[in-house]
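Student: Quick one: sequence plus predicted model below, questions after.
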Amino acid sequence: MKRKIRLKGHLKSYMYWPLMLTILVVLMNIPVYYMNTNAGICVSIFTVLYFIVVLVAYFFNKPAMLNEVINFATQYATVQKHLLNEFEIPYALLDYNSKILWMNEAFMKITGKDKKYHKSVTTIFPTITRELLEKEGDGSNVQITYEEKIYRASMSRIYFDEVTEDSGVIELENNEQYLTAMYLFDETELHHYIQENQEQQLVSALVYIDNYEEALESIEEVKRSLLVALVDRKVSKYFSERDSIIKKIEKDKYFVVFKHKYLEELIQDKFSILEEVKTIKVGNEMAVTLSIGVGVNASNYNQKYEYSRMAIDLALGRGGDQVVVKDGEKISYFGGKSRQVEKMTRVKARVKAHALREIMETKDQVLIMGHRISDMDSFGAAVGVYCAAQVLGKKAHIVIDEVTSSLRPVKECFSEEKGYPVDMFVRSEKAMELVDYNTAVVVVDTNRPNLVECPDLLNRTRTIVVFDHHRQSSEVIDNAVLSYIETYASSTCEMVAEVLQYFNENIHLKPAEADCIYAGILIDTNNFMTKTGVRTFEAAAYLRRCGAEVTRVRKLLRDDMTAYKARAEAVRHAKVYRGSFAISVCPGENIESPTIVGAQAANELLNIVGIKASFVLTEYNDKIYISSRSIDEINVQIIMERMGGGGHLNMAGAQLINCTLDEAEEQLMETLDEMIEEGDIEI
């Protein structure tokens, strides 16, 4: 059936208005009849003739008018389609299923397709999927790469209810009433200039010789200048090859500036300068090691230098012989595989002891806390600091919430019956009531705020002191007024024992206090078999003079039968992975302190021939605790850092959440595989 074409809108009004004037003429003719009948008749005849002429003209001109309108619309659409087809910006129209309905010549030129290509756009650009089109919605932009060029794909939805009536002329599948218009903008050159600008930015770095004095003292005086010259040459050559500027600012410090484009090259090289300087041998018994701090992506050069300074402080705090790259808030570590060099001088310990005394003298009370699930080292160090506060007559409290089975016999030595105040030990809730701005908070055996016994205490006072022997990570207690972190120390108890010797001439430890500190050293050194140096034995000798008794300490550290069986069970079920790693699970049922038992089992596994590192997993309080140990061949600290933990070269740990023991074990083995493939671990 032939459909009639009807006029609408302004065009309809334009065609009808002459007919509407007939009504006006008729109304005007009525008063003319009252005035003069003959005149009225004449006007009536004129009105009839006018109406006939207008009506004939309307029906005669309407088809011609419609033809003109249709011709104009056709020509307009043709011109519009021609312009769109030759549009310089690549343009395509997609349906709901991401199939291409139409594309202009620019789009065809880029993709090499013709107008008959109606497959999914995903076949051309794999990153643009139907799910992406649905998710991103209208006005979204997606970066894509096609034939070595980078494009920004801009998506715009075209809804049919906005451009046409529901006439059924066009119908989409799934009744989706919109199409997607995709525009491609070539941003290859823009990205090239952005990358070039990024590569040309300057990066600042600080290079320190870790053991300058110790290395020089280990060789003859006549060869010392040669050793320094060789180190200078190694450093200058390594960075000069990367178009760098090297300035020696002190006898053992260098300032380096290089372009950002060389940073990735240095990372891929894993900063081989760390190993190169160790090969310098001119009779020196001690190998030279470097620490490097790099600052990247700061808003200005002053901030970049500040980043590099923060990075070098972190590298030194972690024991040296490594590179720390601070990229904004992101921190990356490289190296750190060698054992820390023990400092023979006690000058630093004496300075820290005097600083601690000055701080305590200005405060009314002292709150001491270690890490959660306190161990013997944390407890012993806290007792040592408590003794220092007592000598100055200051009120002191040790914050501890959970007393493990291994600590209970030691804690009972400080009961009220034995002369100690009943509030010597307080819980976190009580500590929060006691703390004020005139309170000094001393943190021992940890430098991470999220691991302390009561993290809220750190925000309630301005005076915070940190004593720790663990390597620093990116998360540290950054508002401490006094920070004494020595990674070469065997334990925090060793550090506290040294500080006590310089703290006050009148300080005298009671046998129970000396036993407690001595026990901390004994546990962390595995009976003086790991991480022991000259100063470790000197600290032990000092405690022995104060009344520490080895037999008494040994009795305090004995395990109950359940814990002993659990440790034996963990050793019995250990499996050897890749011929060098012992991995086991410590049962936690009916054990009060399963994490401590797991650490003991990890120590036991090192006694097996061929085992270079041991890992014991323990489930406790909805977390998976990993205790890792090694003797000297494997750096377990960098392994645990990969898994979110940390520690020392031969003693480290990590905590995993939201996973099972099997998943944690699988994650550990995958981490070992990755680090072996990357060369971070050699077996």
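Tutor: Ah, there it is. Numbers count the residues shown, from 1 in each chain.
Student: Would you mind confirming that Arg427 is in contact with Val399?
Tutor: Yes - counting by CB atoms under 8 Å, Arg427 does reach Val399; the two are 7.3 Å apart. (Each C-beta comes from the backbone N, C-alpha and C, glycine too.)
Student: Tell me which of these two has more neighbours.
Tutor: Just comparing Arg427 and Val399: by other CB atoms under 10 Å the higher neighbour count belongs to Val399, 27 against 14.
Student: List the contacts of the more buried one.
Tutor: Going by CB atoms under 8 Å, 6 or more residues apart in numbering, Val399 touches Leu367, Ile368, Met369, Phe425, Val426, Arg427, Ser428, Ala431, Glu453, Cys454, Leu457.
Student: Report the beta-bridge partner residues of Ile464.
Tutor: Counting by DSSP bridges, Ile464 is bridged to Val441.
Student: from what I can see it touches Val441, true?
Tutor: Yes - the criterion here is CB under 8 Å, and Ile464 meets it with Val441 at 5.1 Å.
Student: between these two, which one's more packed in?
Tutor: Counted by other CB under 10 Å, Ile464 and Val441 do not tie: Val441 has more neighbours, with 26 against 21.
Student: In this structure the more buried one contacts Asp456, no?
Tutor: No - Val441 is not in contact with Asp456 according to CB under 8 Å; the separation is 10.7 Å.
Student: For Glu306, give me the backbone phi and psi.
Tutor: With angles defined as degrees, to the nearest 10, Glu306 sits at phi -60, psi -40.
Student: Find the nearest non-adjacent residue to it, please.
Tutor: Spatial nearest neighbour of Glu306, chain neighbours left out: Gly295 (6.9 Å); criterion: CB to CB, 6 or more residues apart in numbering.
Student: got it, and Leu216?
Tutor: Nearest residue to Leu216, sequence neighbours excluded (CB to CB, 6+ apart): Arg224, at 4.8 Å.
Student: Could you do Asp377 as well?
Tutor: Spatial nearest neighbour of Asp377, chain neighbours left out: Gly520 (4.1 Å); criterion: CB to CB, 6+ apart.
Student: Pull the contacting residues for the one you found.
Tutor: With contacts defined as CB under 8 Å, 6+ apart, Gly520 is in contact with Met376, Asp377, Ser378, Phe379, Gly380, Ala381, Ser491, Thr492, Cys493.
Student: again, 7 Å this time
Tutor: If you count contacts by CB atoms under 7 Å, 6 or more residues apart in numbering, Gly520 has them with Met376, Asp377, Phe379, Gly380, Ala381, Ser491, Cys493.
Student: can you list residues touching both of Ile464 and Val441?
Tutor: The contact sets of Ile464 and Val441 overlap at Leu458 (CB under 7 Å, 6+ apart).
Student: re earlier: what's the farthest-apart pair in the contacts of Val399?
Tutor: Phe425 and Leu457 (14.9 Å; CB to CB).
Student: ok, and what's touching the top strand by length along the chain?
Tutor: Longest strand in the chain by number of residues (criterion: DSSP state E): strand 149-159. Outside strand 149-159, the residues that touch it by CB under 7 Å, 6+ apart are 128, 133, 136, 138-144, 177-188, 191.
Student: Angles on the backbone of the residue lying closest to Ile273 once chain neighbours are set aside, please.
Tutor: Closest residue in space to Ile273, ignoring its immediate chain neighbours: Tyr238 at 4.4 Å, by CB to CB, 6+ apart. Note on Tyr238: its backbone torsions stand at phi -60, psi -50 [degrees, to the nearest 10].
Student: Pretty sure Tyr238 sits against Phe271.
Tutor: No - look at Tyr238 against Phe271 with CB atoms under 7 Å: they stay out of range, at 8.8 Å.
Student: returning to what we had before: from the contacts of Gly520, which single one is nearest Arg242?
Tutor: For these, the residue nearest Arg242 by CB to CB is Ser491; the value is 41.0 Å.
Student: and that closest one, what does it touch?
Tutor: Counting by CB under 7 Å, 6+ apart, Ser491 has contacts Asp377, His469, Gly520, Ile521, Asp524, Thr525.
Student: Leaving out chain neighbours, which residue sits closest to the second one?
Tutor: It refers to His469. According to CB to CB, 6+ apart, the nearest residue to His469 is Ala489 (4.1 Å).
Student: now Val256
Tutor: Spatially, and ignoring its direct neighbours in sequence, Val256 is nearest to Ala205 (4.3 Å; CB to CB, 6+ apart).
Student: Let's verify that neighbour: helix, strand, or coil?
Tutor: strand (DSSP: H, G, I helix; E, B strand; the rest coil).
Student: and it, bridged to which residues?
Tutor: Ala205 has these beta-bridge partners by DSSP bridges: Val256, Val294.
Student: so where do the helices sit in the stretch 101-250 of the chain?
Tutor: For the stretch 101-250 of the chain, applying DSSP state H, counting those that start in this stretch gives helices covering 105-111, 130-136, 160-163, 188-200, 212-217, 224-240.
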